[in-house]
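Enquirer: Predicted model follows, preceded by the sequence.
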Amino acid sequence: MPYSPALDGLRAIAILLVLLFHGRMPGLPGANVGVDVFFVLSGYLITRILLAEHRADGCIDLRRFYRQRLLRLTPPLLLLLLLYALCAPLLWPDYYFHVRDWVVVLIYQADLALVFGIGPLKMLHAWSLGIEERFYLLWPLALLGLLALRNLRVALTVLLVSVLLAGLWRMTALQLWDVSSGEAYYRFDMRITGLMLGGCLGLWISSSLPIPKYLLRRRWLVLAWLVLLAVVLYPTDDKGRLSFGLPLVEVTVLYILLWLHCRPEGMLSKALALRPLVYIGQLSYGLYLFHYPTMEYLKLQHPWWLTLLAGTGIAVALAMFSHHCIERPITRWRKHQTPLVPLNCPYTQPKG
């Protein structure tokens, strides 16, 4: 899959929303939807990468995929955990669960811990890492199952139906079964829709299925951005946001990704490909990791604007160190490694 700088620009929009939300900037009650932008984007990119490998080699090398995900995600996380181990006992001496939280984050189980009320309070943001890691473990296997259907249209239909059922499950649990919004927010089965929806688009594009021209009218793109802005600005209860606002955000991000794919030289793609946005997008994983504990400490003693500025500044410095001294060297090292021998794969390339 060719590199698209506009996707890094979209990552930048997502992480900036998250920073504004955790920095407690007034007037943005729904800015945490930046996490959902990441989810849809992750599902889309992972699916396209896996399908490109399947198209080229006739199979998906699971060992290589899992190793690459581990090398991509874990080293920066280890840096966060090292800093947490050194600083957290000094910053929060009255908090007695640092070791428990450290282990929970290390094994990517923060989301489950939060569901059971034993979550890592000073690294609360690690819940999304657990969701994505579980998706990375399960999705290649599910995708192989879809490819076994030997017809991408059928596979896409099955996946779309699955997304719809997952969305209805979340809405029913929230509105009829009185599942708390706090529990639903962190549960894998209720946050999987964005990742799966991104997978739907990746499957659609990779299968070369036709894209109706009426979908690519500018008024729909403007509407998509207005919907995203409305969810960010509009205050509502958490159950309402998860039941109705979340599906709107996921579909909106899906449409923006579709537009970027079909209009790679368009104005939106060029705007998102601006160098500052692209660089922020490249730092987005590190920014996500390092911003939360910093802001969690600062907000106890400082106003929101100082928390936001100082927390973002510290996160940027740490993210730059992680990107240039850890992530990029590991990426270069990975490219020079001898590829693993692919696993035997019984699936042939399905018909379109």
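Expert: It's in.
Enquirer: My guess is residue 272 contacts residue 259. True?
Expert: No - look at residue 272 against residue 259 with CB atoms under 8 Å: they stay out of range, at 10.4 Å. Every residue, glycine included, has its C-beta placed from N, CA and C.
Enquirer: Just the mean pLDDT for stretch 212-219, thanks.
Expert: Averaged over stretch 212-219, pLDDT sits at 86.
Enquirer: what residues does that stretch touch?
Expert: For stretch 212-219, contacts defined as CB atoms under 8 Å, 6 or more residues apart in numbering pick out 255, 258-259, 262-263.
Enquirer: Flag every buried residue along stretch 13-33.
Expert: Residues of stretch 13-33 classed as buried: 13-24, 28, 30-33 (neighbour count, 16 or more other CB atoms under 10 Å).
Enquirer: How about the contacts made by residue 104?
Expert: Neighbour list for residue 104: 110, 113, 118-120, 126 [criterion: CB under 8 Å, 6+ apart].
Enquirer: Closest one of those to residue 75?
Expert: residue 126 (15.4 Å; CB to CB).
Enquirer: Pull the number of nearby residues for the closest residue to the closest one other than its chain neighbours.
Expert: Distance criterion CB to CB, 6 or more residues apart in numbering; nearest residue to residue 126, sequence neighbours excluded, is residue 110 at 3.8 Å. When counting by other CB atoms under 10 Å, one arrives at 25 neighbours for residue 110.
Enquirer: and if you look at residue 196?
Expert: For residue 196, the number of neighbouring residues by other CB under 10 Å comes to 23.
Enquirer: do the same with residue 197
Expert: Around residue 197 there are 27 residues (other CB under 10 Å).
Enquirer: Provide the secondary structure category for it.
Expert: Secondary structure assignment for residue 197 (DSSP: H, G, I helix; E, B strand; the rest coil): helix.
Enquirer: Quick one: name whatever helix or strand follows the lengthiest helix in the chain.
Expert: In the chain, assigned by DSSP state H, the helix with the most residues is helix 62-91. Downstream of helix 62-91, the next assigned helix or strand under DSSP states H and E is helix 98-106.
Enquirer: so what does whichever helix or strand comes after that following helix touch, helix or strand wise?
Expert: Counting by DSSP H and E, the next helix or strand C-terminal to helix 98-106 is helix 110-115. For helix 110-115, the packing partners by 3 or more CB pairs under 8 Å, 6 or more residues apart in numbering; DSSP states H and E come out as helix 127-147, helix 181-186.
Enquirer: Output helix 110-115 as PDB, restricted to C-alpha atoms.
Expert: Coordinates of the C-alpha atoms in helix 110-115 are reproduced here as PDB (Å, rounded to 0.1, in the frame of the first residue of the first chain):
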ATOM      1  CA  ALA A 110      -6.300  -1.700  30.600                       C
ATOM      2  CA  ASP A 111      -9.700  -1.800  28.900                       C
ATOM      3  CA  LEU A 112     -10.700  -5.000  30.800                       C
ATOM      4  CA  ALA A 113      -9.300  -3.600  34.100                       C
ATOM      5  CA  LEU A 114     -11.400  -0.500  33.700                       C
ATOM      6  CA  VAL A 115     -14.600  -2.500  33.000                       C
END
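Enquirer: which residues are contacting it?
Expert: For helix 110-115, the surrounding residues in contact (CB under 8 Å, 6+ apart) are 104, 119-120, 123-124, 126-131, 134, 183, 186-188.
Enquirer: Run the chain-centre distance for stretch 117-136.
Expert: Relative to its chain's centre, stretch 117-136 lies at 12 Å (CA atoms, centre = their mean, to the nearest Å).
Enquirer: Quick one: end-to-end length of that stretch, please.
Expert: The first and last residues of stretch 117-136 sit 25 Å apart, counting by CA to CA, to the nearest Å.
Enquirer: Would you mark the buried spots in that stretch?
Expert: Buried-residue list, stretch 117-136, by 16+ other CB under 10 Å: 119-120, 122-136.
Enquirer: What average pLDDT does it get?
Expert: Stretch 117-136 carries an average pLDDT of 95.
Enquirer: If you tally nearby residues, what's the number for residue 68?
Expert: When neighbours are counted by other CB under 10 Å, residue 68 comes out with 15.
Enquirer: For it, list the residues it contacts.
Expert: residue 334.
Enquirer: how close does it sit to residue 49?
Expert: According to CB to CB, to the nearest Å, residue 68 and residue 49 sit 9 Å apart.
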